[in-house]
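K.L.:
With the input below, show me the fold.
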Amino acid sequence: MSAARRRLGRLPAARVAASACFMLSGVSYASAVVRIPDLQRRLALDEARLGMVLLGVAVGGLAAMPLSGWLIARRGSRDVARAATLTLAAAVFLLAWVPNAAALFAALVLVGGSSSVMAVALNTQASSIERRMRRPVISGLHALYSLGGLLGAAAGGVVAGLGIGAAWHLGTVALIVTGVALVATPRLLVAGGGAPGGSAFARPSPLLVGMGAAAFCVLLGEGAMADWTGVYMRDVARAGAGLTAAGYAAFSLMMAAGRLAGDALTVRLGARRLVRLGGAVAAAGIALAVAQPRPLLAAAGFGLVGAGLSFVYPTILAAAGRVPGATPSGAIALVSAIGYTGFLTGAPLIGFIAHATTLRAGLAVVGLTSLLVIALTRRFPAPPPSHRRARRPAPSLRPVHEAGD
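P.N.:
The predicted structure is shown next:
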């Protein structure tokens, strides 16, 4: 069998392996998050100290972003994905044993850093798989991350409710993640390590900066939904205790559903049109929630926000991997870094505006940033011909060299 045919035969296994890794990332992160209240009680941390400690995730994530591009440029996304997954499993395990606030901060830095490196490596893998399969897959992979997060959170809640300690819970999660990672990651694509002089980030061309700004807007909206929908439902929509969580539940459900449908929609509509449609749907959802602050209508509006934003970020990352003249890993790292700052700044920005005016005005910012996505994605890298519904050529069997993957 020729080398080209063997390479083509690896694609289904690589996609399954990438799917498992995306889900592992979601399970790991959610499992760690649901144990934070237990750690707060055990370490006797007040809200102010806990808030400072939780910054460790952001510190680790931002610090590791340039490291991820540098590592992938030299070692390839498969090796980096394996190392980052195993490091994340170790970090999750260590969380259960931290003796004080400083150790918890350090463990959370490791969680944030390994999650960040893992995300860039896996998105680079997804970009390689898309190019070689010649059809979009990245939105579905991000859907598995969302589903993994829901699974990790649900299982963690059940385990905590049964009185099982954090050490047993997080130790079991770490063991499962390690075992699955050791089986799955060897089946990822063997991507090129890149040129010896490869950089951490791609050169910030206007196109990449615009895509990064669009990612910033999307992740600002996602962060805002996570932190403010419950408060909005309680204080503005006057929802009862049973409906307070309905806003974020609707957002999360539609986020997962939209990502599951995102790859098929990309083929049908095209990446650029789909991203701009998503921005419009998210803006309409915020308009509904803000204009009609009643529990069910607000929840429906937040669900529209989830549907609209769901496939935008994965589609932007996939497009970043196709930007001419940039290595996929460097381009994805740059766009991810710009976008991640939106996730970190969204909640404080909305809180500041809400304090100065009202929470309705604060959440209206998400509508404005969603509309900005439409303006920022007027230029978009052309998709491969096979991403267009009218043309579906058979996969090429010629050798493919993916430098910088």
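K.L.:
Helix or strand with the lowest mean pLDDT in this protein?
P.N.:
helix 3-34 (a mean of 80; mean pLDDT, DSSP states H and E).
K.L.:
after that one, next one along is what?
P.N.:
helix 36-43 (DSSP states H and E).
K.L.:
mind listing what's buried in the next helix or strand after that following helix?
P.N.:
Counting by DSSP H and E, the element after helix 36-43 in chain order, helix or strand, is helix 47-75. For helix 47-75, a neighbour-count test (16 or more other C-beta atoms under 10 Å) marks 50, 53-54, 56-58, 60-62, 64-75 as buried. (C-beta placed from N, C-alpha, C; glycine too.)
K.L.:
Also stretch 208-222?
P.N.:
Buried residues in stretch 208-222 (16+ other C-beta under 10 Å): 208, 210-222.
K.L.:
Now, these that are in strands?
P.N.:
Among the buried residues of stretch 208-222, no residue falls in strands (DSSP state E).
K.L.:
and the residues you listed as CSV, adding distance to V137 and pLDDT?
P.N.:
Compiled in CSV, those are given as follows (distance: C-beta to C-beta, whole Å; pLDDT from 0 to 100):
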residue, distance to V137, pLDDT
L208, 22, 90
G210, 24, 92
M211, 19, 93
G212, 22, 93
A213, 25, 95
A214, 21, 95
A215, 19, 95
F216, 24, 95
C217, 24, 95
V218, 19, 95
L219, 21, 93
L220, 26, 93
G221, 24, 92
E222, 21, 88
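K.L.:
Make a markdown table out of those residues and add distance to L359.
P.N.:
A markdown table is the format used below for the buried residues of stretch 208-222 (distance: C-beta to C-beta, whole Å):
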| residue | distance to L359 |
| --- | --- |
| L208 | 34 |
| G210 | 30 |
| M211 | 30 |
| G212 | 28 |
| A213 | 25 |
| A214 | 25 |
| A215 | 25 |
| F216 | 22 |
| C217 | 20 |
| V218 | 21 |
| L219 | 20 |
| L220 | 16 |
| G221 | 15 |
| E222 | 18 |
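K.L.:
From the residues you listed, which land in helices?
P.N.:
208, 210-222 (DSSP state H).
K.L.:
Enumerate every residue touching V34.
P.N.:
152-153, 156-157, 160 (C-beta atoms under 8 Å, 6 or more residues apart in numbering).
K.L.:
Got a ChimeraX select line for the buried ones in those residues?
P.N.:
Of the contacts of V34, the buried ones go into a single ChimeraX selection, burial set by 16+ other C-beta under 10 Å:
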select :152,153,156,160
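K.L.:
What is the nearest of the contacts of V34 to A91?
P.N.:
Nearest to A91 among those, counting by C-beta to C-beta, is G152 at 14.3 Å.
K.L.:
which one is the closest one nearest to, not counting chain neighbours?
P.N.:
A30 (3.1 Å; C-beta to C-beta, 6 or more residues apart in numbering).
K.L.:
just checking, the one you found touches A153?
P.N.:
Yes: the criterion here is C-beta atoms under 8 Å, and A30 meets it with A153 at 4.3 Å.
K.L.:
how about the strands of the protein, start to end?
P.N.:
According to DSSP E, the chain contains no strands.
K.L.:
Pull the contacting residues for R294.
P.N.:
Applying C-beta under 8 Å, 6+ apart, the residues near R294 are A237.
K.L.:
R360 too?
P.N.:
232, 236, 290, 293 are the contacts of R360 under C-beta under 8 Å, 6+ apart.
K.L.:
what's the spacing between it and T244?
P.N.:
As judged by C-beta to C-beta, to the nearest Å, R360 and T244 stand 17 Å apart.
K.L.:
you'd agree A347 is up against W228?
P.N.:
Yes: using C-beta under 8 Å, A347 is in contact with W228, at 6.8 Å.
K.L.:
Neighbour count: these two, which is higher?
P.N.:
W228 (23 against 17; other C-beta atoms under 10 Å).
K.L.:
Nearest residue to that one in space, please, no chain neighbours.
P.N.:
Excluding the flanking residues, the one nearest W228 by C-beta to C-beta, 6+ apart is I350, at 5.8 Å.
K.L.:
picking up where we left off before, contacting residues around the residue nearest to G152?
P.N.:
Shown in contact with A30 (C-beta under 8 Å, 6+ apart): 148-153, 156.
K.L.:
and the nearest residue to L188 once chain neighbours are set aside, what is it in contact with?
P.N.:
Nearest non-adjacent residue to L188, counting by C-beta to C-beta, 6+ apart: R78, 4.2 Å away. R78 sits next to 121, 125, 185-186, 188-191 when contact means C-beta under 8 Å, 6+ apart.
K.L.:
The same query, at a cut-off of 7 Å, please.
P.N.:
R78 sits next to 125, 185, 188-191 when contact means C-beta atoms under 7 Å, 6 or more residues apart in numbering.
K.L.:
Of those residues - the most surrounded one?
P.N.:
Going by other C-beta under 10 Å, Q125 tops the contacts of R78 with 31 neighbours.
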